[in-house]
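Trainee: here you go, sequence then predicted model.
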Amino acid sequence: MLDFALGARLGAARGEAMVRHDFDVVVVGGGHAGIEAALAAARLGASVALAIPNPDTIGLMPCNPAIGGPGKSQLVFELAALGGVMGQLADATAIHGRTLNASKGPAVQSLRVQNERDGYADAARALVEDAPGVVIVRGEVAALEVEEQPMGGVGDPAARPARRIRGVRCSDGRTLAGRAVVLCAGTFLRGVVWYGRKQRDAGRQGEAPARHLSSSLVATGHRLTRFKTGTPPRVRADSVDFGALQVVPPDDPPASFSGTPGPRVMQSPTWLTRTTAATHALIREHLGESAMYGGDIDGEGPRYCPSIEDKVVRFSDKDHHLLFVEPDGIDTSEVYLQGLSSSLPPVIQERMVRTLPGFGRATIQRYAYAVEYDALDPAQLDVTLMSRRLGGLFSAGQLNGTSGYEEAAAQGLLAGVNAARWAAGGDAAARVTVRRDEGYFGVLVDDLVRWGIGEPYRMLTSRNEYRLLHRQDNAAERLTALGHEWGLVSSARLQAVRASSARVADEIARLRRVRLGGDLAATVLCRPGEHYERLVERIGPAAAGLDEHERRRVEIEVRYASYIERSQRQLASRSQFERVLLDAVAFERVASLSAEGRQALERARPATLGAAQRVRGVRDSDVAALLVHLKVRGPVSRETALA
């Protein structure tokens with residue numbers, strides 16, 4: 001960590017010969033996006049400054065200390081495949097693990113682990129502090145330093161930024177020069193925290209907001225919007241009657257993101273309680289004292305993580321709502337009331353919590369609050385997460401309008417890789433992305449940059465039309481080669497994944513060849529109630545020997561073979577459009593485009609025909625017109641198309 005007031009002494013202690021003011025990449029913020037961005041850029045050889053007002057908050061989990069869940073676990077498995085660190089941090093600090101939707105199909109089965117809140121932050125901070133090439137700089141970033149210079153390059157000059165970033169300026173006047181900058185500011189831009197109708201400037205509880213950076217973004221031509229999110233109260237564990245709650249035990253045996261379950265993943269249960277008629281009556285009586293319902297907050301809140309006030313109003317026919325009671329750690333004194341986010345005043349929160357079964361004598365240790373903040377409309381980014389208005393400026397995480405640790409980490413990894421490549425002198429072709437047809441990473445980025453945001457974005461399995469192909473169990477097979485290509489995954493790791501995939505393929509081939517009672521073993525495995533473990537007791541185990549993950553892969557691939565094959569055919573048909581480039585197309589010259597479609601395409605500047613299909617306002621007839629235009633002109637394709 002570098003505090004400029006301490007100078008070269010701390011720099012030398014970390015192996016730096018002198019305090020540096022110039023870097024290849026400057027990462028602003030040390031949350032989940034900032035961690036992945038800094039580590040990825042450094043592993044690609046970039047010198048990285050991670051700027052943060054208080055380095056003790058690196059890796060903090062200000063909301064529920066948990067990783068994964070539907071749509072989110074798939075991102076974490078893909079992060080692990082691409083070379084990210086969230087999965088290993090989650091596993092190392094897990095105190096409870098459970099696969100959600102276990103009774104449903106593999107497309108929606110999702111691992112979720114509860115983490116030791118402080119342990120996760122400690123492990124993340126140590127990882128960053130020990131990373132070669134990363135220097136932690138204590139300071140608030142207040143402004144972007146910009147160099148006015150034509151960018152050049154192929155394609156339509158109007159679609160490319162005419163300026164480039166050259167660093168950031170801190171609030172105390174210091175400047176950190178950087179060839180690329182990754183903004184991972186979370187909820188801190190002009191952040192305001194609300195407790196009932198009372199407010200104070202803060203990025204989250206106990207931390208000052210980023211007061212000036214919004215103005216700099218606007219001054220460089222970026223559009224901002226205003227969002228809101230919230231967090232539930234934390235209750236003293238010794239004031240809860242756990243005997244009145246429903247116990248939710250961890251899975252046995254446990255699963256993991258990294259392949260190695262943590263040493264304490266089965267150490268703690270979680271619990272369930274529920275709201276009551278008294279809870280709902282109290283909330284309705286005091287709605288006017290809520291910051292949201294009192295008209296004080298203008299920011300749009302998250303649709304898929306509503307406050308308890310929202311739930312009571314929007315679902316007035318429900319007589320209760322389930323709440324998850326989850327520990328903040330083994331050795332901490334708090335439990336987290338997942339599902340009870342609120343911006344009611346503290347005195348009302350006290351009464352509200354005590355209407356819950358098991359919480360009649362509960363003591364709130366930290367009150368719930370809402371936070372309102374500025375977000376950057378991600379439609380101003382390309383699919384590498386670089387600004388279309390300012391070359392070398394990347395952004396990731398809640399600043400881009402997403403909600404959740406997992407979405408932030410995924411964006412951080414992609415932005416960090418591309419920032420390092422940009423800093424090394426790469427042009428647009430040198431930067432990388434994940435296509436929509438390749439994984440949840442691609443769905444996330446495509447949704448953000450093509451459609452922009454009207455509310456905080458949360459990844460859901462329902463957003464992914466290829467979800468049966470993009471399962472958490474096959475993430476390594478799908479994306480490890482890409483991570484190796486980017487430079488984040490070792491050759492040894494790639495070979496291990498390929499060897500595992502070969503073992504799975506060999507066993508599937510055996511099941512389709514060996515007969516049991518007149519039927520192929522693969523046919524027997526597809527019968528209701530049949531399982532791979534029982535089957536191999538009768539036909540004998542695989543010659544190579546399969547681990548638990550590989551056995552699960554075999555069962556999924558065989559049982560769902562017809563559905564998987566159909567999805568693969570659909571993907572092959574649709575993914576052709578993802579490879580047809582539009583970056584040199586002048587939309588005003590395309591005959592038969594509707595006026596609305598032309599305006600939408602000129603605004604969004606989609607990189608590929610597949611992306612154009614998903615732009616709001618573009619009709620099927622507009623896609624047909626583009627196809628005719630490209631056929632006459634001669635389309636240009638490449639494996640990965642970038643805006």
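Mentor: Perfect, thanks for sending it.

Trainee: which residues touch stretch 213-225?
Mentor: 28, 141-144, 146, 163, 183, 185, 189-190, 300, 374-377, 380, 387, 389-390, 393, 401, 453 (CB atoms under 8 Å, 6 or more residues apart in numbering). C-beta coordinates here come from the backbone N, C-alpha and C atoms, glycine included.

Trainee: you'd agree Arg211 is up against Gly191?
Mentor: No. Taking CB atoms under 8 Å as the definition, Arg211 is not a contact partner of Gly191, at 9.0 Å.

Trainee: shared neighbours, those two?
Mentor: In terms of CB under 8 Å, 6+ apart, Arg211 and Gly191 are both contacted by the residues Asp201.

Trainee: which one's more surrounded, those two?
Mentor: Gly191 (22 against 16; other CB atoms under 10 Å).

Trainee: and that one, what pLDDT?
Mentor: The pLDDT attached to Gly191 in the predicted structure is 90.

Trainee: that one and Asp377: what is the separation?
Mentor: 18 Å (CB to CB, to the nearest Å).

Trainee: same thing with Thr332?
Mentor: Relative to Asp377, and taking CB to CB, Thr332 is found at 38 Å.

Trainee: so what sits opposite Val235 in the bridge?
Mentor: Under the criterion DSSP bridges, Val235 forms beta bridges with Val335, Ile364.

Trainee: from memory it sits against Tyr367, does it?
Mentor: No. Using CB under 8 Å, Val235 is not in contact with Tyr367, being 10.3 Å away.

Trainee: of these two, who's got more company?
Mentor: Using other CB under 10 Å as the criterion, Val235 and Tyr367 rank with Val235 on top: 24 against 20.

Trainee: which residues touch the more buried one?
Mentor: When contacts are counted by CB under 8 Å, 6+ apart, Val235 touches Glu334, Val335, Leu337, Val353, Phe359, Ala362, Thr363, Ile364, Gln365.

Trainee: what of Leu390?
Mentor: When the contact criterion is CB under 8 Å, 6+ apart, the partners of Leu390 are Leu144, Val146, Pro161, Arg163, Arg164, Ile165, Thr220, Gly221, His222.

Trainee: kindly write the PyMOL command that selects the buried subset of the residues you listed.
Mentor: Typed into PyMOL, the line below selects the buried ones among these, using 16 or more other CB atoms under 10 Å:
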select buried, resi 144+146+161+163+164+165+220+222
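
Trainee: first-to-last residue distance for stretch 593-610?
Mentor: Between the opening and closing residues of stretch 593-610 we find a distance of 16 Å, counting by CA to CA, to the nearest Å.

Trainee: then stretch 570-588?
Mentor: End-to-end for stretch 570-588, by CA to CA: 31 Å.

Trainee: can you pull the buried residues of that stretch?
Mentor: Leu571, Phe577, Glu578, Arg579, Val580, Leu581, Leu582, Asp583, Val585, Phe587.

Trainee: make TSV out of these and add pLDDT, secondary structure and distance to Ser215.
Mentor: TSV is the format used below for the buried residues of stretch 570-588 (pLDDT from 0 to 100; DSSP: H, G, I helix; E, B strand; the rest coil; distance: CB to CB, whole Å):
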residue	pLDDT	secondary structure	distance to Ser215
Leu571	85	helix	44
Phe577	84	helix	40
Glu578	80	helix	38
Arg579	81	helix	41
Val580	86	strand	40
Leu581	87	strand	36
Leu582	88	coil	34
Asp583	77	coil	32
Val585	90	coil	35
Phe587	92	helix	33
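
Trainee: can you pull out the strands in the stretch 151-300 of the chain?
Mentor: According to DSSP state E, counting those that start in this stretch, the stretch 151-300 of the chain carries its strands in the segments 163-170, 175-183, 192-195, 198-201, 224-231, 234-236, 246-248, 270-274.

Trainee: what's the spacing between the spatially closest residue to Ala481 that is not a sequence neighbour and Leu482?
Mentor: Leaving aside its chain neighbours, Ala481 sits nearest to Leu494 (6.3 Å; criterion: CB to CB, 6 or more residues apart in numbering). Spatial separation of Leu494 from Leu482 under the definition CB to CB is 10 Å.

Trainee: looking at these two, which is more packed in?
Mentor: The residue with the greater number of neighbours, taking Leu494 and Leu482 and applying other CB under 10 Å, is Leu482; the counts read 22 against 16.

Trainee: for the more buried one, helix, strand, or coil?
Mentor: When classified by DSSP: H, G, I helix; E, B strand; the rest coil, Leu482 comes out as helix.

Trainee: picking that back up, mind listing what the residue nearest to Ala481 touches?
Mentor: Applying CB under 8 Å, 6+ apart to Leu494 gives the contacts Thr480, Ala481, His484.

Trainee: secondary structure element for it?
Mentor: helix 491-511 (DSSP states H and E).

Trainee: and the spatially most central residue of the chain, helix, strand or coil?
Mentor: To find the centre residue of the chain, average its C-alpha atoms and take the closest one (CA atoms, centre = their mean): that gives Glu407, at 1.1 Å. Secondary structure state of Glu407, per three-state DSSP, is helix.

Trainee: where does this protein dip in pLDDT?
Mentor: Applying pLDDT under 70 to the predicted model, the residue ranges of the chain that meet it are 1-20, 149-161, 294-296, 634-643.

Trainee: I figured His531 hits Glu555, correct?
Mentor: Yes. The pair His531 and Glu555 qualifies as a contact (CB under 8 Å) at a distance of 6.9 Å.

Trainee: name the residues contacting each of those two.
Mentor: Counting by CB under 8 Å, 6+ apart, the residues touching both His531 and Glu555 are Leu525.

Trainee: out of the contacts of Leu494, which are buried?
Mentor: Buried residues within the contacts of Leu494, counting neighbours by 16+ other CB under 10 Å: Thr480, His484.

Trainee: now render the contacts of Leu494 as a markdown table, adding distance to Asn101.
Mentor: As requested, the contacts of Leu494 are arranged in a markdown table below (distance: CB to CB, whole Å):
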| residue | distance to Asn101 |
| --- | --- |
| Thr480 | 25 |
| Ala481 | 28 |
| His484 | 31 |
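
Trainee: return the member of the contacts of Leu494 nearest to Arg314.
Mentor: Using CB to CB, Thr480 is the member of the contacts of Leu494 that sits closest to Arg314, with 42.1 Å.

Trainee: I'd say Asn474 and Arg552 touch.
Mentor: No. In this structure, Asn474 sits apart from Arg552 without contact. The criterion is CB under 8 Å, and the distance is 10.3 Å.

Trainee: which parts of the stretch 51-200 of the chain are helices?
Mentor: Counting by DSSP state H, counting those that start in this stretch, the stretch 51-200 of the chain has these helices, from start to end: 72-82, 86-92, 117-129.

Trainee: that's all I had, so thanks and see you.
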